[in-house]
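Participant: show me the folded form of this:
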Amino acid sequence: MLQELRSIAMRPVLMAWWARSRLGWTFQLPADSHAHTRGVDPDRILLMGDGAAAGLGVLAQDLALAGQLARRVTALTGRAIDVDVVAERDMSPSRAQQLLLTAPLARYDVLLLVLGTGDALTITPTSKWQRDLERMCDTIESSAPASLRTFMVGIPDVGTLDGLPRFFSLMAGGHGRKLNAATHTVCARHPRITYLPFDPDRLADGRRGSKETYGHWAELIAPAVALGLGRMPGTRCFGPQDEARRQNALHELSVTGAASDPRFTAIVSSARNLFGTTAAAITFLDGDRVAFLAVNGASPAAITRESSFCTLTIERAEVHVVTDASRDRRFANHPHVAGSPHIKFYAGYPIEAPDGTRIGALCIFDTTPRAFGGADASLLRSLAQQAQALLWQAGWAAPAPV
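Facilitator: Model prediction:
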């Protein structure tokens, strides 16, 4: 108790030192907020937290914890990984709770929370930490689907941070251990949230973040995440599409304003050439019609949503393939199958809005039946992600907050 009171009494001094010290630091942050690995049927991870989650010190999430974790989990599971990052330099449990209230948790398989470094350094009272953490965990369990696995990563020993005065390092390191004990207690009361101890050999501050450091962290975290992702093929559940939300996402993206961007035309041209198909297109479902953002090898035609292949593509967050439409009862009598241009083969991968709403697809189609393997599906997904990234990065929509 005496030590706790002493820490609280010193908190204003430590916070002043922390604020003053950071004025001279260069906080380099990645410009993006996503990381991916190649493959099909990706598992999805939401990485939320403070500077460690944000990727302080590196230029891209691919080099930060998100990218390093994605690659190591893929190596363990054999499946593709999509990681979305929602992070702020000093995110607290109360701030995380606010963001979780509006986060599309149903689209993720794992929620990975990395919090507490700043709270340990500024001696946040243990009672406040535990109270805010309890509320955050209650929010997760009340709003997240039962299938979501949540991991709360422990606070590393902040006393080992470079440049921290000896007295402060001892105090902050000890306080971090107290916060971890409180975290363990809170997680034990929430069976769907797993506390993950975290004791890396090295830490990085905002000046010295490196891909090597993040790689080391990912090695420690990946096995638990991979275990949490354990599932049999085909067991993924996808929530129903909210039509009002999807239409609103299209409006916010101003997709029609992107139609003149030659980079979208380049993507569909690459898709057509790489797969050797008759045509390729980027389409969006707008109301009861199919809108073409870019097309190569065919003339945009007036297609109703009801008769389109892409309607089925956006129902699931995975590749959709029709190897021979003339033998598929869903499409055998389709006017573009039975008549010109006599489409036989179709493959599409959904394109999403930043909130996870599936709004369209990158698709390829051919006039002859074709086989379509795992490597083909992985390549199509990569091209679809390029188109999706262009939509998000070109200013039509902002990525998740960092």
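Participant: low-confidence ranges in the stretch 251-400 of the chain?
Facilitator: 254-260, 300-307, 394-400 (pLDDT under 70).
Participant: mind listing the helices for it?
Facilitator: 262-275, 310-313, 335-338, 374-391 (DSSP state H, counting those that start in this stretch).
Participant: so which of those helices is nearest residue 249?
Facilitator: helix 374-391 (10.4 Å; Cβ to Cβ). For the C-beta atoms, the positions are set from N, CA and C on the backbone; glycine is no exception.
Participant: check which helices and strands the closest one is in contact with.
Facilitator: helix 262-275, strand 345-352, strand 358-366 (3 or more Cβ pairs under 8 Å, 6 or more residues apart in numbering; DSSP states H and E).
Participant: using PDB, write out every CA atom in the first one.
Facilitator: Taking Å, rounded to 0.1, in the frame of the first residue of the first chain, the C-alpha atoms of helix 262-275 are listed here in PDB:
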ATOM      1  CA  PRO A 262      -6.500   4.700 -65.100                       C
ATOM      2  CA  ARG A 263      -5.000   2.600 -62.200                       C
ATOM      3  CA  PHE A 264      -8.300   0.600 -62.000                       C
ATOM      4  CA  THR A 265      -8.200  -0.100 -65.700                       C
ATOM      5  CA  ALA A 266      -4.600  -1.300 -65.300                       C
ATOM      6  CA  ILE A 267      -5.700  -3.800 -62.600                       C
ATOM      7  CA  VAL A 268      -8.400  -5.300 -64.800                       C
ATOM      8  CA  SER A 269      -6.000  -5.400 -67.800                       C
ATOM      9  CA  SER A 270      -3.500  -7.300 -65.600                       C
ATOM     10  CA  ALA A 271      -6.200  -9.700 -64.400                       C
ATOM     11  CA  ARG A 272      -7.300 -10.500 -68.000                       C
ATOM     12  CA  ASN A 273      -3.700 -11.000 -69.200                       C
ATOM     13  CA  LEU A 274      -2.500 -13.000 -66.100                       C
ATOM     14  CA  PHE A 275      -5.400 -15.400 -66.300                       C
END
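Participant: helices or strands next to it in the packing?
Facilitator: Helix 262-275 makes packing contacts with strand 279-286, strand 289-296, strand 358-366, helix 374-391 when contacts are defined by 3+ Cβ pairs under 8 Å, 6+ apart.
Participant: columns distance to residue 225 and mean neighbour count on top of these, output as TSV?
Facilitator: Converted to TSV, those look like this (distance: least, Cβ to Cβ, whole Å; neighbours: other Cβ atoms under 10 Å):
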stretch	distance to residue 225	mean neighbour count
strand 279-286	32	24
strand 289-296	35	20
strand 358-366	24	26
helix 374-391	21	19
